[in-house]
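Enquirer: attaching a predicted model along with its sequence, questions to come.
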Amino acid sequence: MNNKMETNKRELVTFLLVAFAVPYLMGIPLGICQAAGKDTSLFANAQMFYPAAGVMLAFLLARRPNIPVRFYILHILITAVCLVMSLLSAFVELPDGQWLLAVNLVIIVGSVLAWVLLLTDKKEKREAYGLRWHEKFLKAMGICALFLVLKTITVFISVAMSGAEAWNEYLAYWQSYVPWINFLMLIPNFFLCFLPFFGEEYGWRYYLTPVLQQRFGKRKGVLLLGVVWGLWHLPLNLFFYSPETSLQSIAAQIIVCITLGIFFTYGYELCGRNIWVPVLLHYLNNNMIIVWNGTADISNQVYAWADVGISAVLYGLLFLPFLASKVFKANQAQK
């Protein structure tokens with residue numbers, strides 16, 4: 001028993017070092033890039049890989065049995081490549097957009113190879129390490145559809161609060177073909193770039209949430225995970241999302257991570273702890289921006305404290321109620 005507890009402690013330390021220490025250290029070259037006016041989105045892409053890489057490295061070092069080694073090693077290698085390319089982008093000049101193009105190609109190639117390795121591995125390995133799709137497809141699609149409805153409500157209310165002119169322009173945007181074409185493109189795009197979203201969710205939902213829930217309980221554990229997840233974004237809040245209004249960005253980030261963390265965990269648990277449900281939800285949350293806003297650029301935003309308050313109210317009203325779900329009851333047994 002003591003040996004098992006010590007192993008789990010070592011695994012947790014390894015996870016924390018990779019998932020948290022690495023992105024915080026990477027905040028130094030990220031800040032250098034931001035100060036120099038360079039594209040910092042490479043760092044955001046690379047950071048998404050770190051949580052899963054931490055889990056995988058911890059399991060490999062612990063020599064756990066029946067590990068899907070090929071998939072794990074591929075993910076760790078892609079993580080390392082993205083990290084190195086991010087570092088190089090801070091000091092090596094390339095024409096505009098070339099670094100980002102190179103990273104995107106790495107993600108596409110890595111995602112395709114990952115599918116091949118996953119689908120050709122034994123079901124027992126995928127099942128043992130939370131990688132198998134459970135037989136609840138319709139329920140999973142229902143969760144994704146519900147999420148899209150709830151998020152779209154927040155977007156439309158936020159636009160409506162901006163005034164009549166903004167509202168009329170936004171309605172005109174939705175009457176064009178642009179958002180609908182962008183939405184359809186998200187379907188094939190998922191299979192070509194799922195790896196970063198898996199990178200976060202395998203760390204947060206599969207690994208860290210159960211660790212916190214076992215220590216603090218179902219509800220407190222998922223709330224604490226939201227705070228931790230929000231603070232994990234700190235380097236990006238300071239040097240990518242909103243350098244000019246970083247305090248507001250950090251506050252909004254924590255609010256969003258707490259509330260979305262509840263819903264992502266709700267979907268994960270409701271669908272039989274199917275990791276692909278929060279992966280899909282995370283993908284939709286990040287990529288539907290181009291549908292909702294008509295642009296994929298989320299850098300250098302300016303937030304007012306009023307924006308933070310609106311986010312707290314909207315996300316709180318729409319997502320906090322899921323904390324009352326039976327999946328967060330204390331007597332729900334851990335599998």
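Expert: That came through, no problem.

Enquirer: low-confidence ranges in the protein?
Expert: The chain contains residues with pLDDT under 70 at 1-7, 331-335.

Enquirer: please, where are all the strands along it?
Expert: With DSSP state E as the definition, the chain shows no strands.

Enquirer: chain neighbours aside, what residue packs nearest to residue 303?
Expert: Nearest residue to residue 303, sequence neighbours excluded (CB to CB, 6 or more residues apart in numbering): residue 248, at 3.9 Å. For every residue, glycine as well, the C-beta is placed using N, CA and C.

Enquirer: against residue 242, how distant is that neighbour?
Expert: Distance check for residue 248 against residue 242: by CB to CB, to the nearest Å, it reads 7 Å.

Enquirer: anything in contact with each of those two?
Expert: Overlap of the contact sets of residue 248 and residue 242 (by CB atoms under 8 Å, 6 or more residues apart in numbering) consists of residue 303.

Enquirer: name the residues of stretch 293-309 that are buried.
Expert: Under the neighbour-count criterion of 16 or more other CB atoms under 10 Å, stretch 293-309 has 293, 298, 299, 301, 303, 307, 308 buried.

Enquirer: among the residues you listed, which lie within helices?
Expert: Residues of the buried residues of stretch 293-309 located in helices (DSSP state H): 307, 308.

Enquirer: how many neighbours does residue 318 have?
Expert: 18 (other CB atoms under 10 Å).

Enquirer: who's in contact with it?
Expert: Taking CB under 8 Å, 6+ apart as the criterion, residue 318 is in contact with 150, 153, 154, 259.

Enquirer: residue 155 too?
Expert: Neighbouring residues of residue 155 by CB under 8 Å, 6+ apart: 292, 293.

Enquirer: quick check: the gap between it and residue 258.
Expert: According to CB to CB, residue 155 stands 19 Å off from residue 258.

Enquirer: please apply the same query to residue 76.
Expert: Look at residue 76 and residue 258: by CB to CB, they are 29 Å apart.

Enquirer: ok, now residue 320?
Expert: Counting by CB to CB - residue 320 and residue 258 are separated by 8 Å.

Enquirer: these two: which is more packed in?
Expert: Neighbours per residue (other CB under 10 Å) separate residue 320 from residue 258, with residue 258 holding more: 24 against 15.

Enquirer: skipping its backbone neighbours, what lies nearest the more buried one in space?
Expert: In this structure, residue 258 finds its nearest non-sequential neighbour in residue 226, 3.1 Å apart by CB to CB, 6+ apart.

Enquirer: number of residues surrounding residue 145?
Expert: 11.

Enquirer: the residue nearest to residue 303 touches residue 308, doesn't it?
Expert: Yes. If you go by CB atoms under 8 Å, residue 248 and residue 308 touch, sitting 5.3 Å apart.
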